[in-house]
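Q: Could you look at this predicted model? Sequence included:
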Amino acid sequence: MDAQELKGVELFSSLNKHELRFVAQQADKIHVPAGTRLATEGRFAYEFFVIEDGTADVIRDDAPIATLGPGDFFGEIALLESERRTASVVAQSPMQLIVLTGGSFRMIDREMPSVAQRIRDTMKQRLADDDRIVAGE
């Protein structure tokens, strides 16, 4: 994965060049067609995704709850707070995604704990913002 591509992603935008290179070594880029199930509610989680291009629907208890697009990320709740997916995510268009596995994230945490903490903080802030939106605040 190219470090410069990560710089344009909000989740990684605060990282310096050295940090971006390290994270890029841990990340993969994938392309998936429309209809691909990227996460399944209740299943164990092994990675999280950042959307570079395309859209996906988030489904919980068989009901759509959100649509995600470029710059959004998902899968972090299961990696940070529980072992199982809290919702399903299905690609609604062809997508380009950045993927970090749990093992890759743990490597970042071991080698560059301050970087892992900044990523965690960004994720937690987004979760808090999403909770406020859902609650109507």
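A: Right, received. Where do you want to start? Numbers count the residues shown, from 1 in each chain.

Q: Mind jotting down where the helices sit in the chain?
A: Counting by DSSP state H, the segments of the chain that form helices are 3-7, 17-26, 76-80, 102-111, 113-134.

Q: Would you indicate which residues of the first one are buried?
A: To tie it back to what came earlier, the one meant is helix 3-7. Residues of helix 3-7 classed as buried: Ala3, Glu5, Leu6 (neighbour count, 16 or more other CB atoms under 10 Å). Heads up, the C-betas are built off the backbone N, CA and C, glycines and all.

Q: Next, the contact list for the spatially closest residue to the last one that is not a sequence neighbour, please.
A: If you skip the residues right next to it in sequence, Leu6 has Phe12 as its closest partner in space, 4.4 Å away by CB to CB, 6 or more residues apart in numbering. Contacts of Phe12 were listed using CB atoms under 8 Å, 6 or more residues apart in numbering, and they are Leu6, Leu20, Val23, Ile119.

Q: Confidence-wise, which of the helices of the chain is weakest overall?
A: Mean pLDDT values for the helices of the chain show the minimum at helix 76-80, a mean of 67.

Q: Now the two most distant members of the contacts of Phe12.
A: Leu20 and Ile119 (11.9 Å; CB to CB).

Q: hey, C-alpha coordinates of stretch 97-117 in PDB?
A: Presented in PDB, the C-alpha positions along stretch 97-117 are these (Å, rounded to 0.1, in the frame of the first residue of the first chain):
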ATOM      1  CA  LEU A  97     -11.000  -0.300   0.500                       C
ATOM      2  CA  ILE A  98      -8.000  -0.100   2.800                       C
ATOM      3  CA  VAL A  99      -7.900  -3.100   5.200                       C
ATOM      4  CA  LEU A 100      -6.100  -3.500   8.500                       C
ATOM      5  CA  THR A 101      -6.200  -6.900  10.200                       C
ATOM      6  CA  GLY A 102      -6.300  -7.300  13.900                       C
ATOM      7  CA  GLY A 103      -2.800  -8.600  13.700                       C
ATOM      8  CA  SER A 104      -1.600  -5.700  11.700                       C
ATOM      9  CA  PHE A 105      -3.200  -3.300  14.200                       C
ATOM     10  CA  ARG A 106      -1.500  -5.100  17.100                       C
ATOM     11  CA  MET A 107       1.800  -4.700  15.200                       C
ATOM     12  CA  ILE A 108       1.300  -1.000  14.900                       C
ATOM     13  CA  ASP A 109       0.400  -0.900  18.600                       C
ATOM     14  CA  ARG A 110       3.600  -2.800  19.600                       C
ATOM     15  CA  GLU A 111       5.900  -0.800  17.300                       C
ATOM     16  CA  MET A 112       4.300   2.600  17.400                       C
ATOM     17  CA  PRO A 113       1.900   2.800  20.300                       C
ATOM     18  CA  SER A 114       1.300   6.500  19.900                       C
ATOM     19  CA  VAL A 115       0.100   6.000  16.400                       C
ATOM     20  CA  ALA A 116      -2.200   3.200  17.400                       C
ATOM     21  CA  GLN A 117      -3.600   5.400  20.100                       C
END
